[in-house]
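Enquirer: for reference, the sequence and a predicted model appear below.
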Amino acid sequence: MYVSKTPAVVKALYSSLVWNMPRNTNHVYLTFDDGPHPQITQEVLTHLDSFNAKASFFCIGKNIVANPGIFENLKSAGHSIGNHTYEHENGWKTANEIYFDSVNKCQQYTNTDLFRPPYGKITRYQSKQLIPNYKIIMWDVLSGDFDLSITQEKCFDNVIKNIQPGSIVVFHDSEKAAEKMLYALPKVLDFIREKGWMCKGL
């Protein structure tokens, strides 16, 4: 169960986490979780480049190890890099020691102050321990590209009906999400351009 727009009450309950950026600018923030992937991430980079857009990629450590060239492409293109753990652990179901070890192992490759918990699931204790070293980046718009039950058009609608200046939008550069994400992404980028907004990295 998920919602495409994060409720204000959730943001208030977990106010130490970053749900959106300031609203008083024309900037929006596209983010991509679970890469790098050898083909899909490169397609994302091509779309971003065609719109002169910057984004943030929350990378899984083991995928960086498997695809070092793509990871270097992300960095050289000027996109922001975030830590998404080494093995993509669910913080609610993972012992703290194992969870922190995975974060630290991924950090050896990402070297970043940005962290996003896989599935958006992190305990209060885990977040308290990580906040001194990381900005924990959540989101206020969830595309739903991972949801096999929705259409490509619904994925696109989830974004354009909820995005506003300062929004942090979640896509996934993964095989499961690729069909919907690659359909929606260029249309979202075109929508953002028509609005006169700019895509920035975090």
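Expert: The structure has been received and is ready for your questions.
Enquirer: quickly list what the closest residue to Tyr134 other than its chain neighbours is bridged to.
Expert: Leaving aside its sequence neighbours, Tyr134 sits nearest to Phe115 (CB to CB, 6 or more residues apart in numbering; 3.9 Å). Heads up, the C-betas are built off the backbone N, CA and C, glycines and all. Beta-bridge partners recorded for Phe115 (DSSP bridges): Asn83, Ile136.
Enquirer: Phe115 against Pro132, yeah?
Expert: No: judged on CB atoms under 8 Å, Phe115 makes no contact with Pro132 at a distance of 11.5 Å.
Enquirer: those two: who's more crowded?
Expert: The neighbour comparison of Phe115 against Pro132 (other CB atoms under 10 Å) goes to Phe115, with 25 against 6.
Enquirer: may I ask which helix or strand of the chain has the lowest mean pLDDT?
Expert: In the chain, the helix or strand scored least confidently by mean pLDDT, DSSP states H and E is helix 8-13, which has a mean of 84.
Enquirer: got the contact list for that helix?
Expert: Contact with helix 8-13 is made by Trp19, Asn20, Asp140, as judged by CB atoms under 8 Å, 6 or more residues apart in numbering.
Enquirer: low-confidence stretches in the chain?
Expert: Filtered on pLDDT under 70, the chain yields the residue ranges 1.
Enquirer: could I get the full set of strands for it?
Expert: With DSSP state E, the ranges of strands along the chain come out as 27-33, 56-59, 80-83, 114-115, 135-136, 141-142, 168-172, 198-199.
Enquirer: who touches Lys121 in this structure?
Expert: Contacts for Lys121 (CB under 8 Å, 6+ apart) come out as Asn90, Gly91, Trp92, Lys93.
Enquirer: Met198: neighbouring residues, count only.
Expert: Met198 is flanked by 17 other residues according to other CB under 10 Å.
Enquirer: wait, it touches Tyr29, no?
Expert: No: at 10.0 Å, Met198 does not count as touching Tyr29 under the criterion of CB under 8 Å.
Enquirer: Asn96 touches Ser127, doesn't it?
Expert: No: between Asn96 and Ser127 there is no contact under CB under 8 Å: 11.3 Å.
Enquirer: quick one, which of the two is more surrounded?
Expert: Neighbour tally, Asn96 and Ser127, criterion other CB under 10 Å: the higher count belongs to Ser127, 17 against 12.
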